[in-house]
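1. Sequence first, then the predicted structure, then my questions.
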Amino acid sequence: MPPNRIRPRAAKTTIAEHAARRASGRAAEDLAARYLQAHGLQLLARNVRCRAGEIDLVLREREQIVFVEVRLRRNARYGGAAYSIDYRKQAKLLATARYWLRGRIEQACRFDVVLMDAAQEDRIQWIRNAFGE
């Protein structure tokens, strides 16, 4: 019989660590917003929240609404930033986008992802229509 494997407990996050993580996430979102605006997109909203989830940035490119998820992962141990957006996260983004679109004039939309392994402009990877056909 194989021995029982005990998984080590994850270390508890201190208040200071949590605040630092939120600050780095905010800095990444700020950087992504500036980057996308420099590429011609118009910022409409930030941190759209509802019961289903949150969308980091909502922008317009011509006549298309662009919902953007920003991912900063300094450690690729679990697959990096791109792998952290699984089908569950995509479903939450879709539900939140529907919430934001409710009551607005119907327009084409897409989901983009901005990936970073450091909060630096030269480290940005912008994936347009990340979940689309």
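-> Right, received. Where do you want to start?
2. From here on, just use CA atoms for contacts and neighbour counts.
-> Fine.
3. In terms of secondary structure, what does the longest helix belonging to the chain contact?
-> If you go by DSSP state H, the chain has its longest helix at helix 15-38. The criterion is 3 or more CA pairs under 8 Å, 6 or more residues apart in numbering; DSSP states H and E, and the helices and strands that helix 15-38 contacts are strand 53-61, strand 64-72.
4. Dump those strands to CSV, plus mean neighbour count, distance to Arg26 and mean pLDDT.
-> Output for the helices and strands packed on helix 15-38, formatted as CSV (neighbours: other CA atoms under 10 Å; distance: least, CA to CA, whole Å; pLDDT from 0 to 100):
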stretch, mean neighbour count, distance to Arg26, mean pLDDT
strand 53-61, 20, 9, 96
strand 64-72, 23, 10, 94
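5. Select, out of these, the one closest to Ser24.
-> Comparing the helices and strands packed on helix 15-38 by their distance to Ser24 (CA to CA), the top pick is strand 64-72, with 8.3 Å.
6. could you point out which element follows the worst-scoring helix or strand of the chain on mean pLDDT?
-> Considering only helices and strands, the least confidently modelled element of the chain by mean pLDDT, DSSP states H and E is helix 80-83, at a mean of 59. Downstream of helix 80-83, the first helix or strand assigned by DSSP states H and E is helix 87-101.
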